[in-house]
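Novice: Build the 3D model from these lines:
(one chain, ligands or ions: 1)
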Amino acid sequence: MKALDGVKILDFTHVQSGPTCTQLLAWFGADVIKVERPGVGDATRKQLVDKPGADSLYFTMLNHNKRSIELDSKTPEGKEVLTRLIETCDVLVENFAPGALDRMGFGWERIQAINPRLIMASVKGFGPGRFAECKVYENIAQCAGGSASTTGWRDGRPLVTGAQIGDSGTGLHLALGIVTALYQRERTGRGQRVQAAMQDGVLNLCRVKLRDQQRLAAGPLTEYSQHAEGIPFGAATPRAGNDSGGGQPGRILKCKGWEGDPDAYTYFITQAAAWGHVCDVIGRPEWKTDPDYATPAARLPRLNEIFDTIEAWTMTRTKFEVMETCNPLGIPVGPILSMKELAEDPDLRASGTVVEVDHPERGPYLSVGCPVKLSDSPVEVTRSPLLGEHTAEVLRDVLGFDADAVARITASGAVGTPKVAAG
Ligand code: CAO
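Specialist: So this is what the prediction gives:
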């Protein structure tokens, strides 16, 4: 038994934002039917190809546990199948460019008329307003949502982050909206629209930076290293390098081996409650009582000197030794882990957060499993579908088309060439 057993998802998503959402729902037990253009499929199938002829890692890692049906939704027979899918499914998820579904003839009013219980969930780049019609990809969302302007070094360009907060982040937001709407439908019997704009999702994740924008009105942001360096603040929340985003000052510090290893660093937080231990560990016990260092307020203008001193100590230890020493003392530290280290991490393998999946075209590959664990709804990650792999079984078993109808629809070219004969 899985949490979303019995929930059918018409997955009209592509690229990253929508597919991450429907993949999560599939992991929680929903039957996710991915609709793709005949012979073409999701563009990511053939993007960043590492094994000629095989679906890319980009596609396989975003589309586990789904079924795939080829369908040209712009032909009469394709519209017939799509209509049946809308009648049958609980949720339609899409992340087309604005207006694409309307142009296909399946706007919200039409969808509601076909199935008033259907929840229609959409990712768009922007919500209503002057940018509503724009097409948007990850980095545009990071820039428009406040992440880029607050990431990077004060005197450098805005920076985008490696975390796909615009795409996967918005997929997460949308998934929450969908299960919430499903819960409400239990009581009302009605479907509803669920919309998640990438700009909104990124801004939501940058909430603390809007907090700082307003704090600026009350004076300088004293925990920013910019303040310790005596550099005045401008009108907007500045980029703050690796400064901690919270009230506890933190930095990324070099560890032993940093000269040859780009990831030999640790994050180090001088949490007030652990300050005494920090002083002991770095060999500065006198700082515990020295009025220039004893309180968080006294330390603020001296943070650069303090972190330089801590770094002189961390450089004598590996990032894991720093953790082994500091963690038992309650000093919050964290090693900078490379993708290689994460891929090989035994704990992540054991918890199912990093999984090995087998694929008929490409053989075994690593993926990120479900990052949310439900004790009563275990996740088994299965490979992504080949293009149109389930067209015949969906037409027959899910939508109830008989053999003659399947033959008629197939002959029209609306569903490509079903891989398995119906009947
Ligand atoms: N059958 C028939 N037509 C289909 C189809 C199918 N199964 N699937 C897609 N199409 C059509 C669409 O209807 C659309 O046709 P029109 O332009 O005539 O309306 C066309 O394919 C292209 O769709 P699109 O505009 O969504 O795709 P794109 O590659 O041009 O743009 C993207 C991609 C991501 C920029 C755009 O979809 C978008 O802005 N989406 C919303 C924001 C988003 O999710 N961005 C994140 C993507 S992940 O980085």
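
Novice: The ligand versus Ser17, what's the distance?
Specialist: 4 Å (Cβ to the nearest ligand atom, to the nearest Å). C-beta here means a position set from N, CA and C on the backbone, and glycine is covered the same way.

Novice: Would you quantify the distance from that residue to Asp42?
Specialist: 12 Å (Cβ to Cβ, to the nearest Å).

Novice: next one: Glu311
Specialist: 46 Å.

Novice: And those two? Which one has more around it.
Specialist: Ranked by neighbour count (other Cβ atoms under 10 Å), Glu311 and Asp42 place Asp42 first, with 27 against 20.

Novice: Hmm, Phe59 and the more buried one touching each other?
Specialist: Yes: using Cβ atoms under 8 Å, Asp42 and Phe59 qualify as a contacting pair, with a distance of 6.0 Å.

Novice: where do the contact lists of the two overlap?
Specialist: Among the neighbours of Asp42, none is also in contact with Phe59 (Cβ atoms under 8 Å, 6 or more residues apart in numbering).

Novice: list the helices and strands the lowest-mean-pLDDT helix or strand in the chain packs on?
Specialist: Every helix and strand of the chain was ranked by mean pLDDT, DSSP states H and E. The lowest is helix 225-228, at a mean of 88. Counting contacts by 3 or more Cβ pairs under 8 Å, 6 or more residues apart in numbering; DSSP states H and E, helix 225-228 packs against helix 303-314.

Novice: following the helix it packs on, which helix or strand comes up?
Specialist: helix 319-326 (DSSP states H and E).

Novice: Now Thr22. Nearest residue, chain neighbours left out?
Specialist: Asp11 (4.4 Å; Cβ to Cβ, 6 or more residues apart in numbering).

Novice: any chance you could map the strands in this structure?
Specialist: For the chain, applying DSSP state E gives strands covering 8-12, 31-36, 66-70, 91-94, 119-124, 193-197, 250-254, 265-269, 333-335, 354-357, 365-368.

Novice: So if we follow the domain assignment, how does the chain break up?
Specialist: Per the record, the chain has its domains at 8-205+364-411, 207-331, by automatic domain parsing.

Novice: tell me the most buried of the ones you listed?
Specialist: Comparing the domains of the chain by mean neighbour count (mean count of other Cβ atoms under 10 Å), domain 8-205+364-411 comes out on top with a mean of 19.

Novice: what residue ranges in the chain score low on pLDDT?
Specialist: The model of the chain has pLDDT under 70 over residues 419-423.

Novice: what residues does it put near the ligand?
Specialist: 15-18, 35, 37, 71-74, 95-97, 100, 103-104, 123-125, 135-138, 167 (Cβ under 6 Å from any ligand atom).

Novice: if you set the cut-off to 5 Å instead, what comes out?
Specialist: 15-17, 37, 72-74, 95-97, 100, 103, 123, 125, 135-138, 167 (Cβ under 5 Å from any ligand atom).

Novice: okay but Tyr224 is in contact with Pro238, surely?
Specialist: Yes: counting by Cβ under 8 Å, Tyr224 does reach Pro238; the two are 7.1 Å apart.

Novice: Find the residues that touch each one of those two.
Specialist: Counting by Cβ under 8 Å, 6+ apart, nothing touches both Tyr224 and Pro238.

Novice: Can you give me every residue that contacts Glu77?
Specialist: Arg408, Ile409, Ser412, Ala414, Val415.

Novice: Closest to the centroid, which residue in this structure?
Specialist: Ser168 (2.4 Å; Cα atoms, centre = their mean).

Novice: Quick check: the gap between the residue of the stretch 301-423 of the chain found nearest the ligand and Leu101.
Specialist: Ranked by Cβ to the nearest ligand atom, the top residue of the stretch 301-423 of the chain for proximity to the ligand is Ala414, at 8.9 Å. Distance of Ala414 to Leu101, computed by Cβ to Cβ: 17 Å.

Novice: ok, now Ser147?
Specialist: Taking Cβ to Cβ, one finds Ser147 at 28 Å from Leu101.

Novice: Tell me if I'm right that the residue nearest to Thr22 and Ala30 touch.
Specialist: No: judged on Cβ under 8 Å, Asp11 makes no contact with Ala30 at a distance of 9.3 Å.

Novice: Now for those two: what residues contact both?
Specialist: Common neighbours of Asp11 and Ala30 (Cβ under 8 Å, 6+ apart) are Thr22.

Novice: would CSV of the strands of the chain with distance to Gly234 be doable?
Specialist: Formatted as CSV, the strands of the chain follow (distance: least, Cβ to Cβ, whole Å):
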stretch, distance to Gly234
strand 8-12, 44
strand 31-36, 47
strand 66-70, 47
strand 91-94, 40
strand 119-124, 32
strand 193-197, 28
strand 250-254, 22
strand 265-269, 26
strand 333-335, 30
strand 354-357, 42
strand 365-368, 38
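
Novice: residue contacts, Ala144?
Specialist: Counting by Cβ under 8 Å, 6+ apart, Ala144 has contacts Gly125, Phe126, Phe131, Val136, Met198, Gln199, Val202.

Novice: residue contacts, the closest residue to the first one other than its chain neighbours?
Specialist: I take that to be Gly125. Nearest non-adjacent residue to Gly125, counting by Cβ to Cβ, 6+ apart: Val136, 2.4 Å away. When contacts are counted by Cβ under 8 Å, 6+ apart, Val136 touches Lys124, Gly125, Phe126, Ala144, Gly166, Met198, Gln199.
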